[in-house]
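>>> Take a look and give me a structure for this.
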Amino acid sequence: MTKPRAIYWFRTDLRLHDSPALKAALDLKPECLYPIWTWDPHYVYRAKVGVNRWQFLLDCQTDLSSSITKINPKSKLHVIREAPQTLFPKLFKAWRISHLIFEKDTDAYARDRDESVVELARNAGVQVIIKTGRTLYDPDELVEHTGRKPTMSISQVQAAGKKIGEIPRPIPAPKSLPDPGDMSIDFEQEHPPTDPDLNAHDRTESDKSYKSLAGPNSDFAPPTLEELGFPPATSPHRGGETVALEMLSSITSDKTYTATFEKPKTAPTAFEPAATTVLSPHLHFGSLSVREFFWRVQDVVDKYKGKASEPPTSLTGQLLFRDMYFGAQAHLGHAFAQTIGNSHCRFIPWHLPSVVSPTSMRAGHDYQIDDPQAEEWFQRWKFGRTGFPWIDALMRQLRQEGWIHHLGRHAVACFLTRGGCYIDWERGAEVFEEWLVDHETACNVGNWQWLSCTAFYSQFYRCYSPIAFPKKTDKEGQFVKRYCPELENFPDKYIYEPWRAPIADQKAWGCLIKGDTCGEDGEYKVYPKPMFDFPTRREVCKQAMKKAYSVGLHGNDQQVLDGTWRKLFDDDAEGPTDGKDGPVGAMIDDVAEEDYDDHGEMVDTSHGEESEGKQAGQGGNRASPKKAAHKRKAQGTLDGVVKRTKKN
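Coordinates of the predicted model:
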């Protein structure tokens, strides 16, 4: 019989060690094996991906390609620049493919994409093999063992895990790889539409990554940041399987640290080095196997002579949290990433709610400015100028480096939602989606729901103080001075409350506390005053959360979907609660169907850019979305403007 001719489709499994899907491909003993990556325009244009995450991905691809070539000089990672949905039928035919193998993904978009590709493969007579490898347990299997319910607690994961069985030991990296076959791609490339480009505001030049199928040198190399139109990355975190395994070895060589690690006891103010492993970006891109991580740590714990930590706070416990979020995402699908339609997410009438399509009920990439003050607070939070040094230092670290400690993430998320601003958690999740190097939809969304107390966690009265909390691990404010250098001369007494310092001292230390932005005033640097009184806002948020909890609605309740939830709140309640009827959030019932594309995204049909004031719509819930809906890529001088047009 003819030997198999196989494509191995790399995605978020950019490694050779412990890859069940790759082992399945090699077990076929194929005549040829094509290791490929399809340059998916969904991520290039339709997902928020900051330059630091792009660099991490390119690092991973380059390292993997080099590792493949070390095993087989005739092979490498072949990056092909076209959407998988249009590319695969042509590859199946051109390369006479018999098998397509890839690792399972439970992300909502990825599921839709993979179902489409599987159908295309079957129509072409190509056998598809899919193996689980991104998580400790198959997320769908977890859900099966929780009574077809999303995994909302660690105890659910642990109970289901016992039913599934022991986590398999990792598989060694292969020592040999078959040659790829003929790499001819004598077919026309289908160029993707570039509008809307959610990453346009980061590009200094236009994207050129789709100029040819095999790249500018016809060598199937990954694109460069320059090709993508991006400036150089600013993150110190580098990607690749080689780096990941070296980091893991270094961490597990410290037996006491590995065995006694308790995440809540690590310092969010630590840097160079951080207090945690910083391996999460490698888990996302698959440059480190989650099973390799688990068993390297567990073996240390099993041999440790002292008292070892246990899940959920231990290192292995952190992996269970990850599986918990993946299980919830696998069950809830697209609804998991938003409030509307989400049966397990509490409905809170936050400021700046998402615009929701009246047909798909999906939140798109627009939000309503129901309150100009909330929009100002959101922008100040995002760009690290709230006037609270702890919050600002964290947000600047995030933007610059693409990573912050988990307790730092907790602090800024609590501050934006239930601990100060009362702004929709979806706004914060989108900022993290763009800037985090380790962004994983399941974990990012799950953590934001947890910290906003809309799912997974409900103790909304427990808030992180932006003043008292960081003092526990950094009384001198070294972390703040690192990322807010304008405050570097402020002493311990004032480092977390610089506005309390006498003006004469501020001048002596070279920085004035004034206004609402950062900059210079003559010979002095300028750092903003706090944008509100924190104790007052904390109490306002606490009372608002208390009311929302007493109402007790979830995202899929009919009163949420039809807008009658407003009847349950006073008109002057915190959030966009005025009025007694009308659809949820910023979804307006008099919007024409043609104002939305087939992905539920709002379409800009205007013939010119509107002013910021007109876009804000002065906060009226019943205004047209063209006035009330804020284009998230049109943030004044902060971001570039992207005009949304109908999809062809």
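
>>> CA atoms for contacts and neighbours, from now on please.
Will do.

>>> ok, A501 touching Y494?
Yes: shown here, A501 and Y494 form a contact pair, counting by Cα atoms under 8 Å, at 6.3 Å.

>>> what ranges do the strands span in this protein?
Under the criterion DSSP state E, the chain contains strands at 5-9, 32-38, 78-80, 99-103, 127-131, 354-356, 363-368, 511-513, 519-521, 524-527, 629-631.

>>> Save the ones you listed as CSV, and put in mean pLDDT, mean neighbour count and distance to N72 too.
Output for these, formatted as CSV (pLDDT from 0 to 100; neighbours: other Cα atoms under 10 Å; distance: least, Cα to Cα, whole Å):
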stretch, mean pLDDT, mean neighbour count, distance to N72
strand 5-9, 98, 24, 15
strand 32-38, 98, 21, 11
strand 78-80, 98, 23, 14
strand 99-103, 98, 22, 19
strand 127-131, 98, 17, 23
strand 354-356, 92, 27, 50
strand 363-368, 86, 24, 44
strand 511-513, 98, 25, 59
strand 519-521, 94, 12, 54
strand 524-527, 98, 21, 56
strand 629-631, 41, 25, 49
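
>>> Export the ones you listed as a markdown table, with columns for distance to W403.
Supplementary listing: those in a markdown table, determined by distance: least, Cα to Cα, whole Å:
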| stretch | distance to W403 |
| --- | --- |
| strand 5-9 | 28 |
| strand 32-38 | 26 |
| strand 78-80 | 27 |
| strand 99-103 | 26 |
| strand 127-131 | 30 |
| strand 354-356 | 25 |
| strand 363-368 | 23 |
| strand 511-513 | 27 |
| strand 519-521 | 25 |
| strand 524-527 | 23 |
| strand 629-631 | 26 |
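
>>> between those strands, which gets nearest to P535?
Between P535 and these, the tightest spacing by Cα to Cα is seen for strand 511-513, at 19.8 Å.

>>> now what about the closest one, what contacts it?
The contact list for strand 511-513, computed with Cα atoms under 8 Å, 6 or more residues apart in numbering, reads 486-487, 498-499, 503, 506, 524-529.

>>> quick one: the closest residue to T252 other than its chain neighbours and L320, what's the gap?
By the measure of Cα to Cα, 6 or more residues apart in numbering, the closest residue to T252 outside its immediate chain neighbours is T258, 5.7 Å from it. When Cα to Cα, to the nearest Å is applied, the distance between T258 and L320 equals 16 Å.

>>> Repeat that for R380.
34 Å.

>>> same thing with Q478?
Taking Cα to Cα, one finds Q478 at 33 Å from L320.

>>> Those two - which one has more neighbours?
When Q478 and L320 are compared on other Cα atoms under 10 Å, the one with more neighbours turns out to be L320, at 25 against 17.

>>> residue contacts, the closest residue to A21 other than its chain neighbours?
Closest residue to A21 in three dimensions, ignoring its sequence neighbours and counting by Cα to Cα, 6+ apart: K131, at 5.0 Å. For K131, the contacting residues are 20-21, 24, 102-104, by Cα under 8 Å, 6+ apart.

>>> Return the closest of those residues with respect to D371.
For these, the nearest to D371 is K104 (42.2 Å; Cα to Cα).

>>> Any idea how many residues pack against that closest one?
Burial of K104, expressed as a neighbour count using other Cα under 10 Å, amounts to 22.

>>> Quick check: it vs D140, distance?
Distance, K104 to D140, using Cα to Cα: 10 Å.

>>> Show me what stretch 465-481 is in contact with.
Stretch 465-481 is touched from outside by 267-271, 388-391, 393, 411, 415, 487-488, 491-492, 495-497, with contacts defined as Cα under 8 Å, 6+ apart.

>>> Show the end-to-end separation of that stretch, please.
Chord length of stretch 465-481, first to last residue, is 19 Å (Cα to Cα).

>>> Out of the helices and strands in this protein, which is least certain?
Ranked by mean pLDDT, DSSP states H and E, the helix or strand of the chain with the weakest confidence is helix 612-616, at a mean of 30.

>>> per-residue confidence at S66?
We note a pLDDT of 98 for S66 in this prediction.

>>> for it, what are its contacts?
K76.

>>> what separates it from L77, distance-wise?
8 Å.

>>> ok, now K475?
Distance, K475 to L77, using Cα to Cα: 48 Å.

>>> Then P30?
Distance check for P30 against L77: by Cα to Cα, it reads 17 Å.

>>> Just want to know which of those two has more residues nearby.
Relative neighbour count places L77 above the other of P30 and L77, with 25 against 20, counting by other Cα under 10 Å.

>>> what bits of the stretch 101-250 of the chain have low per-residue confidence?
Applying pLDDT under 70 to the predicted model, the stretch 101-250 of the chain contains no residue that meets it.

>>> Break down it into its helices, ranges please.
Under the criterion DSSP state H, counting those that start in this stretch, the stretch 101-250 of the chain carries helices at the ranges 108-123, 139-144, 154-164, 225-228, 241-252.

>>> Check which residues of the last one are buried.
So that's helix 241-252. Under the neighbour-count criterion of 16 or more other Cα atoms under 10 Å, helix 241-252 has 241, 243-245, 247-248, 251-252 buried.

>>> Break this protein into its domains for me.
1-133, 338-463+534-640 (automatic domain parsing).

>>> will you turn the ones you listed into a markdown table that also has distance to P150?
What follows is the domains of the chain, written out as a markdown table (distance: least, Cα to Cα, whole Å):
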| stretch | distance to P150 |
| --- | --- |
| domain 1-133 | 13 |
| domain 338-463+534-640 | 8 |
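
>>> For these, which has the smallest mean pLDDT value?
Per-stretch mean pLDDT for the domains of the chain is lowest at domain 338-463+534-640 (a mean of 80).

>>> what about the helices in the stretch 301-450 of the chain?
Under the criterion DSSP H, counting those that start in this stretch, the stretch 301-450 of the chain contains helices at 315-332, 372-382, 389-401, 406-416, 425-435, 441-451.

>>> do you know which of the helices of the stretch 101-250 of the chain lies nearest Q558?
Distance to Q558, taken as Cα to Cα, is lowest for helix 108-123 among those, at 23.6 Å.

>>> okay, the angle between the closest one and helix 315-332?
Between the axis of helix 108-123 and that of helix 315-332 there is an angle of 70 degrees, by axes from the mean of the first three to the mean of the last three Cα atoms, to 10 degrees.

>>> coming back round to it: and the residue nearest to T252, how close does it get to V300?
Note on T258: its distance to V300, by Cα to Cα, is 7 Å.

>>> ok, those two, which is more surrounded?
Residue environment comparison for T258 versus V300 gives the larger neighbour count to T258, 23 against 18, counting by other Cα under 10 Å.

>>> how about the more buried one, what does it touch?
T258 sits in contact with 251-252, 297, 300-301, 315, where contact means Cα under 8 Å, 6+ apart.

>>> which one of the residues you listed sits closest to W9?
Closest approach between these and W9, by Cα to Cα: V297, at 29.2 Å.

>>> thought the closest one was touching Y257?
No: counting by Cα under 8 Å, V297 does not reach Y257; the two are 10.2 Å apart.

>>> Who has more neighbours out of these two?
In this comparison of V297 against Y257, neighbours counted by other Cα under 10 Å, the higher total goes to V297 at 22 against 14.
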